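Asker: Here is the input, now give the coordinates:
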Amino acid sequence: MGYLHNLLPKYLARLGADVHFLTTDLPFYHGMKDFNKTYGEFIDSKLLSPGTVEEHDGYTLHILPHKIVLDFVQMVGVLEKLRKLSPDIVQVYPAIGWIPLQAVIGKSLLGYKLFTGSHTCASDFPLAKRTKFILDKELVKNFMTRTINGRIVSLSTEKCYCPTEDCAEIAWHFNGVEKHKIEVRYLGVDTDYFFPINSEALLEERTILRQSMGFKVDEIVCIYTGKMTETKNPLILAQAIEKLRAMGENFSGLFIGNGIQKEAIEKYPFCKVLSFMHFSKLAAYYRASDIAVWPTDESISMLDATASGLPLIVSDGIIYRAHVEGNGLVYKMNDLDDLVRVLLSLHSAEYRKTLGSFGANKMQREFSWESVAKRQLRDYEAAI
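Answerer: So this is what the prediction gives:
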C-alpha cells in the first residue's frame with residue numbers, strides 16, 4: 001500500500017538514480033479507526049520486520065523500527081541509516097511530523113538537499129471549509145501542532161510537492177509550508193499495468209473474466225475499488241444500480257475492497273463483491289468493466305481506471321478534476337437520484353468508448369509515473 005511511496009522510487013531507479021526507500025514497520029493506514037475491519041485480512045504487518053533490507057523494483061527497501069510520540073510517528077535509527085547511505089537528496093512525505101523534522105536534523109549533519117510533500121486535500125480536512133476566526137480553538141490547535149512544525153521543516157527544504165491545487169492551499173495555509181516552495185505535481189499511473197484493451201488476447205481476457213463473475217455480454221458493469229467505509233460510501237452505487245434495475249436498465253456493480261459497508265453491498269443481487277487484491281491484478285478487472293465510479297472523495301484508483309480506458313463518475317465534492325475533464329462526469333455527492341441520472345447518461349457504449357479513449361490517452365501523456373519521475377529527477381539534479 002502507499003501508491004506514491006511504492007511507485008516513485010521504482011521509476012526514479014528506472015531512470016538511473018540510486019534509490020533507497022526508508023519506511024517503518026507500521027502498515028499503511030495503520031491510524032484508521034476501522035483498520036482491522038477494512039485491511040486486517042489483506043495487510044500482514046508481520047511482513048514488515050525492522051532491520052530488513054531488500055531489493056525491490058530496482059531500488060533498495062529499508063524497514064526501520066518506530067515509536068509514537070504525541071500521536072506522530074518517529075523513525076528509530078534514521079539518522080544512523082542516513083549517515084551510512086550518504087544521500088544527495090532526501091524526499092520526505094509528508095511535510096509535518098517527526099520524520100520530516102528528523103530529516104531536517106539529518107540535513108544539518110550530512111548536507112543533503114531536502115524535499116517534502118503534502119497530500120492533505122480539502123475533502124479530508126474539515127478546517128479548510130470552516131469560517132476562519134482568529135480565536136477559533138481548532139485553528140489555534142492546528143497552528144500549535146501543524147503550522148509551527150511545518151514552517152520549521154519548510155525553512156530547510158527546496159520544494160514541497162502537492163498533488164492538487166487544494167492540497168497546495170492547505171499546505172501553505174494550515175501546514176506552515178512557505179508558499180513559494182510549493183509546486184503542484186500530480187500523482188501518476190503505473191502504465192506497466194494500467195492501459196486499455198489493445199489486443200485480441202486482452203479482449204478475450206475481458207470476456208472470460210466477466211463470465212467468471214456472472215456478468216452478461218450486454219451488462220453495463222460499474223466498478224468501485226478501495227475502502228468500503230461510510231466516508232467513501234460505495235453503498236450508494238449499489239443502491240443506484242438497484243434503482244436502475246427496477247427501471248429495466250441492465251446495470252451491474254463490481255466492488256473490490258473491504259470495510260464496514262461490504263456486508264450491506266453484498267445483499268444487492270446485481271452487485272459482485274471481491275476482497276482487496278494486489279494492485280497488479282486490478283487492471284484486468286478495470287478492463288472487464290464499463291464505468292468507474294467513486295461516489296465521494298478522491299482516490300488514486302481513479303487514475304488507474306482512467307488509464308485502463310474507463311469513463312469516470314466522481315462527486316462534486318472533489319475540487320481537483322484534471323483527471324476527470326474530458327473523460328468523466330460529475331454528480332451531486334451522496335444524491336442517489338443524481339447518481340442514477342448520471343449513470344443513465346453513460347448508457348451508450350459509443351459515448352463510453354469516446355470518454356474512455358480520451359482519458360487513457362491523457363493518462364499516458366500527462367500522468368504516467370515515468371513523466372512524473374523525469375520532472376522530479378530534474379528538480380533533484382538542479383538542487384545539487
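Asker: can you confirm Ala238 is in a strand?
Answerer: No - using DSSP: H, G, I helix; E, B strand; the rest coil, the assignment for Ala238 is helix, not a strand.
Asker: who's in contact with it?
Answerer: Gly253, Phe255, Ala264, Ile265, Tyr268, Cys271 (C-beta atoms under 8 Å, 6 or more residues apart in numbering). (Glycine included, C-beta is placed from N, CA and C.)
Asker: Quick one: buried ones out of those?
Answerer: Gly253, Phe255, Ile265, Tyr268, Cys271 (16 or more other C-beta atoms under 10 Å).
Asker: What is the nearest of the contacts of Ala238 to Thr147?
Answerer: Minimum distance to Thr147 across those is 38.8 Å, recorded for Phe255 (C-beta to C-beta).
Asker: Mind listing what's buried along stretch 47-54?
Answerer: So stretch 47-54, judged by 16+ other C-beta under 10 Å, has buried residues Leu48.
Asker: Can you give me the end-to-end span of it?
Answerer: 12 Å (C-alpha to C-alpha, to the nearest Å).
Asker: follow-up on the earlier one: now the buried ones among the contacts of Ala238 as TSV including secondary structure and pLDDT?
Answerer: Converted to TSV, the buried ones among the contacts of Ala238 look like this (DSSP: H, G, I helix; E, B strand; the rest coil; pLDDT from 0 to 100):
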residue	secondary structure	pLDDT
Gly253	strand	98
Phe255	strand	98
Ile265	helix	98
Tyr268	coil	98
Cys271	strand	98
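Asker: Check the residues you listed and tell me the two furthest apart.
Answerer: Phe255 and Tyr268 (9.5 Å).
Asker: Farthest pair within the contacts of Ala238?
Answerer: With C-beta to C-beta as the measure, no two of the contacts of Ala238 lie farther apart than Gly253 and Ala264, at 12.4 Å.
Asker: Pull up the gap between Ala13 and Leu22, please.
Answerer: 15 Å (C-beta to C-beta, to the nearest Å).
Asker: likewise Glu266?
Answerer: 39 Å.
Asker: So for those two, which residue has more residues nearby?
Answerer: Leu22 (20 against 14; other C-beta atoms under 10 Å).
Asker: tell me the SS of that one?
Answerer: Criterion first, three-state DSSP; result for Leu22: strand.
Asker: That one contacts Leu79, doesn't it?
Answerer: No - contact criterion C-beta atoms under 8 Å: Leu22 and Leu79 do not qualify, at 11.0 Å.
Asker: Go through the buried ones among the contacts of Ala238 and name the one nearest Thr164.
Answerer: Using C-beta to C-beta, Phe255 is the member of those that lies nearest Thr164, at 25.5 Å.
Asker: Dump the buried ones among the contacts of Ala238 into CSV; add distance to Pro196 as well.
Answerer: Shown next, in CSV, are the buried ones among the contacts of Ala238 (distance: C-beta to C-beta, whole Å):
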residue, distance to Pro196
Gly253, 21
Phe255, 22
Ile265, 27
Tyr268, 28
Cys271, 24
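Asker: ok, of those, which one's closest to Leu339?
Answerer: Distance to Leu339, by C-beta to C-beta, is smallest for Gly253 among the buried ones among the contacts of Ala238, at 11.8 Å.
Asker: Run through the residues that contact the closest one.
Answerer: Counting by C-beta under 8 Å, 6+ apart, Gly253 makes contact with Val221, Cys222, Ile223, Tyr224, Leu237, Ala238, Ile241, Ile265, Tyr268, Phe270, Cys271, Lys272.
Asker: Which strand residues bridge it?
Answerer: Cys222, Cys271 (DSSP bridges).
Asker: The stretch 51-200 of the chain: helices as residue ranges?
Answerer: 78-85, 98-110, 137-142, 148-154, 165-173, 200-213 (DSSP state H, counting those that start in this stretch).
Asker: model confidence over the third one, on average?
Answerer: Which is helix 137-142. Helix 137-142 shows a mean pLDDT of 86.
Asker: Output it in CSV, but only the C-alpha positions, please.
Answerer: Extracted as CSV, the C-alpha positions of helix 137-142 are listed here (Å, rounded to 0.1, in the frame of the first residue of the first chain):
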residue,chain,number,x,y,z
LYS,A,137,-10.0,26.8,19.1
GLU,A,138,-9.4,24.3,16.2
LEU,A,139,-7.4,26.8,14.3
VAL,A,140,-5.3,27.6,17.3
LYS,A,141,-4.7,23.9,17.9
ASN,A,142,-3.8,23.4,14.2
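Asker: Okay, buried residues for it please.
Answerer: Under the neighbour-count criterion of 16+ other C-beta under 10 Å, helix 137-142 has Leu139, Asn142 buried.
Asker: Point out where this protein drops to low pLDDT.
Answerer: Counting by pLDDT under 70, the ranges of the chain that qualify are 1-4, 31-32, 35-37, 40-46, 131-135.
Asker: can you point me to the longest helix in it?
Answerer: In the chain, taking DSSP state H as the definition, the longest helix is helix 349-366.
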